[in-house]
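A.B. asks: could you work out the structure for the sequence below:
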Amino acid sequence: MAEPVQDVVVVGGGIVGLATAWRVLQRDPGRRVVVLEKESGVGRHQTGHNSGVLHSGIYYKPGSLKAKNCRAGKAEMERFCDEHGIAWDRCGKVIVATSERELPALERIFERGQANGVECRRITGEESREIEPNAAAVAAIHVPETGITDYGRVCEKLAELIDGHEHGWVERGAWVHDIEERAGEWVVTAKSGASWVTRLVVNCAGLQSDRVTKRAGHRPGVKIVPFRGEYFELTAEAEHLCRGLIYPVPDPAFPFLGVHFTRMVGGGVECGPNAVLAWGRECYGKYSVSPRDLAESLTYPGFLKMAAKHWRMGAGEMWRSYNKAAFVRALQRLVPAIQAEHLKPAPSGIRAQAVSRDGALVDDFAITEERSVIHVNNAPSPAATASLNIGSMIADRADAQLVA
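C.D. replies: Residues are numbered from 1 along each chain as shown. Alright, predicted model coming up:
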């Protein structure tokens, strides 16, 4: 007997893919929805290596998809965690200027926060030390609504809800090998040979999203270049040096926030990340290499143009990767009391950074539509915070395609 045609196949069981599937099922419980995840469990890549911050939306350009989805998504994520008993904490954050030259950039961030409706205030260095006594600041922004949670646990709960739905399930171990249109429907085939026929495909494949786009016969317009973020954790005796979250003033020309301190909802304090070119899309170890992935990155015109523009910053990030003393000095700009013996290695993460052929680092969420296919080609931070709202936005687009 032939398998029934699915209404939606979501490729990728990270937090955005799971949130999308759940929102589609909530919108219309009669729809058949399957999530295809190539690993044996959900949230094993970007989501599972996330530091767990519930971002406020203070950094993002007003009117951007990031700004809109972060604000609404944060509130939804807090409600979801309350409803399902997932730990979260509104611990607050300080963004600290450590020198006078950073004050104009700090002011621009504050103005964005105000425009985006973020609860935040400018404070003096002395006031910042009342919140974070060990942070070095000449001035700061206090963002009391920033929080922390466990996005891995969120993924597990979303998968549980989908699997428990009459018409939804998560297929683990399903590495999508081919996506082919046949007679107005799509056939999605895994490496195992299993296949699913569907009316609509949603590509939420994260680190593999551009490749999945190509498998559907479409042009992604960007290439995913993987950046590894390396972390340390504070030893137990040094955890008192950070009460909540301590962030630097970021470089506006680079879509990374710089090394920072993050208190984790399960205990402990994480320090980092830096941002270095990963030797493979899923190579989390410093010396792990995927020759295919590395060759793709190094021969991509967009990467070469980006590297030529940002080589000085890239060299500094690479130096901190292989020199712990340099990493410590970067942390000491924020918290001078930090010493090398306070740091122990922590797992790394990899960011799927979309880069255009002209070398531009795509900063906003990038969601494109073809007939009966929706591609999420770029979903960097704050995608985890915003995931439930992104899922709602994609569900809206799915509705429009399915009823057309």
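A.B. asks: please report the distance of residue 140 from residue 280.
C.D. replies: 38 Å (CB to CB, to the nearest Å). C-beta coordinates here come from the backbone N, C-alpha and C atoms, glycine included.
A.B. asks: cool, and residue 396?
C.D. replies: Relative to residue 280, residue 396 is positioned 35 Å away (CB to CB).
A.B. asks: out of residue 140 and residue 280, which sits in the more crowded spot?
C.D. replies: residue 140 (28 against 20; other CB atoms under 10 Å).
A.B. asks: can you give me the strands in the stretch 101-250 of the chain?
C.D. replies: 121-124, 139-143, 147-149, 168-172, 176-182, 185-190, 195-203, 223-234, 245-248 (DSSP state E, counting those that start in this stretch).
A.B. asks: the longest one pairs with which strands?
C.D. replies: The one in question is strand 223-234. Its sheet considered, strand 223-234 pairs with strand 269-272 (antiparallel), strand 276-277 (antiparallel), strand 343-355 (antiparallel) by DSSP bridges.
A.B. asks: pick the most deeply packed of these.
C.D. replies: Mean neighbour count (mean count of other CB atoms under 10 Å) peaks for strand 269-272 among those, with a mean of 24.
A.B. asks: average model confidence for that one?
C.D. replies: Strand 269-272 shows a mean pLDDT of 95.
A.B. asks: what lies in contact with it?
C.D. replies: Here strand 269-272 makes contact (CB atoms under 8 Å, 6 or more residues apart in numbering) with 51, 229-234, 238-239, 241-242, 259-264, 327, 331, 338, 343, 346.
A.B. asks: can you do 7 Å?
C.D. replies: For strand 269-272, the external contacting residues (CB atoms under 7 Å, 6 or more residues apart in numbering) are 51, 229-234, 239, 242, 259, 261-264, 331, 343, 346.
A.B. asks: sec struct for residue 401, please.
C.D. replies: Under DSSP: H, G, I helix; E, B strand; the rest coil, the three-state class of residue 401 is helix.
A.B. asks: quick check, it in contact with residue 372.
C.D. replies: Yes. Counting by CB atoms under 7 Å, residue 372 is a contact partner of residue 401 at 6.0 Å.
A.B. asks: list residues touching both of these two?
C.D. replies: residue 200.
A.B. asks: measure residue 325 to residue 319 for me?
C.D. replies: Distance from residue 325 to residue 319, by CB to CB: 10 Å.
A.B. asks: now tell me what touches stretch 313-329 from outside.
C.D. replies: So stretch 313-329 is contacted by 230, 254, 274-276, 286, 307, 330, 338, 340, 343 (CB under 7 Å, 6+ apart).
A.B. asks: narrow those residues to those in helices?
C.D. replies: Assignment to helices by DSSP state H places the following of those there: 307, 330.
A.B. asks: which of the contacts of stretch 313-329 sits closest to residue 79?
C.D. replies: Nearest to residue 79 among those: residue 275, at 31.8 Å, using CB to CB.
A.B. asks: next up, phi/psi of the closest one, please.
C.D. replies: phi -150, psi 100 (degrees, to the nearest 10).
A.B. asks: show me the shaky parts of this structure.
C.D. replies: For the chain, the stretches with pLDDT under 70 are 1-3, 252-257, 404.
A.B. asks: now the helices for it?
C.D. replies: 15-27, 65-84, 103-115, 125-131, 151-163, 209-215, 291-299, 301-322, 324-332, 383-403.
A.B. asks: can you list the strands of the stretch 101-250 of the chain in CSV and add distance to residue 34?
C.D. replies: As requested, those are exported to CSV (distance: least, CB to CB, whole Å):
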stretch, distance to residue 34
strand 121-124, 46
strand 139-143, 39
strand 147-149, 27
strand 168-172, 6
strand 176-182, 12
strand 185-190, 9
strand 195-203, 6
strand 223-234, 24
strand 245-248, 37
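A.B. asks: ends of stretch 170-189, what's the gap?
C.D. replies: Terminal residues of stretch 170-189 are spaced 15 Å apart (CA to CA, to the nearest Å).
A.B. asks: what is the end-to-end distance of stretch 356-369?
C.D. replies: Across stretch 356-369, the terminal residues are separated by 18 Å (CA to CA).
A.B. asks: revised request: answer the last question for stretch 5-17.
C.D. replies: Distance between the two ends of stretch 5-17: 20 Å, counting by CA to CA.
A.B. asks: burial count for residue 366?
C.D. replies: Neighbours of residue 366 under the rule other CB under 10 Å: 19.
A.B. asks: before we move on, the earlier item: and residue 89, which of the strands of the stretch 101-250 of the chain is closest to it?
C.D. replies: Each of the strands of the stretch 101-250 of the chain has some distance to residue 89 by CB to CB; the shortest is strand 147-149, at 5.5 Å.
A.B. asks: centre of the chain to that closest one, how far?
C.D. replies: When distances are taken as CA atoms, centre = their mean, to the nearest Å, strand 147-149 is centred 14 Å away from the chain's centroid.
A.B. asks: check stretch 181-200 too.
C.D. replies: Relative to its chain's centre, stretch 181-200 lies at 28 Å (CA atoms, centre = their mean).
A.B. asks: mind listing what's buried in that stretch?
C.D. replies: Residues of stretch 181-200 classed as buried: 186-190, 196-200 (neighbour count, 16 or more other CB atoms under 10 Å).
A.B. asks: what residues does it touch?
C.D. replies: Contacts of stretch 181-200 (CB under 7 Å, 6+ apart): 3, 5-9, 34, 36, 174-180, 201, 372, 398, 401-402.
A.B. asks: look at it and report the distance between its end residues.
C.D. replies: Terminal-residue distance, stretch 181-200 (CA to CA): 10 Å.
A.B. asks: quick check: residue 334 vs residue 261, distance?
C.D. replies: 7 Å.
A.B. asks: appreciated, that's everything.
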